[in-house]
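A.B. asks: Any chance you could fold what I've pasted below:
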Amino acid sequence: MTSPSARATRLYPAAKPIYAYRVEVTELAIPDWAQSRRIKELTTSDSYIWLRGKALAYKLAQMDKECGGSGRCDRMEVRRCRVCGRYMVGLQAERRRLKDEAGYGGRKMPCDEECHERRYLCRKMV
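C.D. replies: I've put the predicted structure just below:
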């Protein structure tokens, strides 16, 4: 049996970074197959879309380049808050991952000031 102090200092495994790809198209309309595979929680427009798969993202950018556009694909780290469920992108997602790795208390820390209010509102709506 381990002592309480040994359990308190136990290190949690490093959380693997999760990446999403923001594909920007200039000449091509975003096809239906890409719309069906987009990350629904992140915003999209007629000129860009968020995809989770690297191969799909580069395929869409390549299709735009073949049509004469300047398709661009940017890789960003994404993470979902364990408290309220909000998606975070880029540096904010990296900081959230480091909080989650910090220990048991880090996984229960809010992502921002409105985190607990968002959690309450989401549960109230369901």
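A.B. asks: CA atoms for contacts and neighbours, from now on please.
C.D. replies: Noted.
A.B. asks: Low-confidence stretches in the protein?
C.D. replies: Scanning the chain for pLDDT under 70 picks out 1-14, 118-126.
A.B. asks: Now do the domain split for it, please.
C.D. replies: According to automatic domain parsing, the chain is divided into the following domains: 17-79, 81-126.
A.B. asks: among those, which is the most enclosed?
C.D. replies: Looking across these with neighbours counted as mean count of other CA atoms under 10 Å, the highest average goes to domain 17-79: a mean of 17.
A.B. asks: Any idea how far apart the tips of that one sit?
C.D. replies: By CA to CA, to the nearest Å, the extent of domain 17-79 from end to end equals 8 Å.
A.B. asks: Pull the distance from that domain to the chain's centre.
C.D. replies: The chain centroid and the centroid of domain 17-79 are separated by 14 Å, computed with CA atoms, centre = their mean, to the nearest Å.
A.B. asks: hmm, who's touching stretch 21-41?
C.D. replies: Stretch 21-41 is contacted by residues 46-54, 56-58, 60-61, 63-64, 67-76, 87 when judged by CA atoms under 8 Å, 6 or more residues apart in numbering.
A.B. asks: Report the beta-bridge partner residues of the residue nearest to the spatial centre of the chain.
C.D. replies: Centrality entry for the chain: nearest residue to the mean C-alpha point is residue 78, 2.4 Å, by CA atoms, centre = their mean. Partner residues in beta bridges with residue 78: residue 18, residue 89, with DSSP bridges as the criterion.
A.B. asks: And for residue 51?
C.D. replies: In this structure, residue 51 has the following beta-bridge partners (DSSP bridges): residue 21, residue 38.
A.B. asks: Thought residue 59 was touching it, still the case?
C.D. replies: No: in this structure residue 51 lies outside contact range of residue 59 using CA atoms under 8 Å: 11.1 Å.
A.B. asks: Helix or strand for residue 100, just tell me which one.
C.D. replies: With the criterion set as DSSP states H and E, the secondary-structure element containing residue 100 is helix 91-102.
A.B. asks: Keeping just the C-alphas, turn that helix into CSV.
C.D. replies: What follows is the C-alpha trace of helix 91-102 in CSV, where atoms were taken according to Å, rounded to 0.1, in the frame of the first residue of the first chain:
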residue,chain,number,x,y,z
LEU,A,91,-1.2,28.6,-27.6
GLN,A,92,-4.3,28.5,-25.4
ALA,A,93,-4.6,24.7,-26.2
GLU,A,94,-1.0,24.1,-25.4
ARG,A,95,-1.4,25.9,-22.0
ARG,A,96,-4.5,23.7,-21.3
ARG,A,97,-2.5,20.6,-22.1
LEU,A,98,0.3,21.6,-19.7
LYS,A,99,-2.3,22.3,-17.0
ASP,A,100,-3.8,18.8,-17.6
GLU,A,101,-0.3,17.3,-17.2
ALA,A,102,0.4,19.2,-14.0
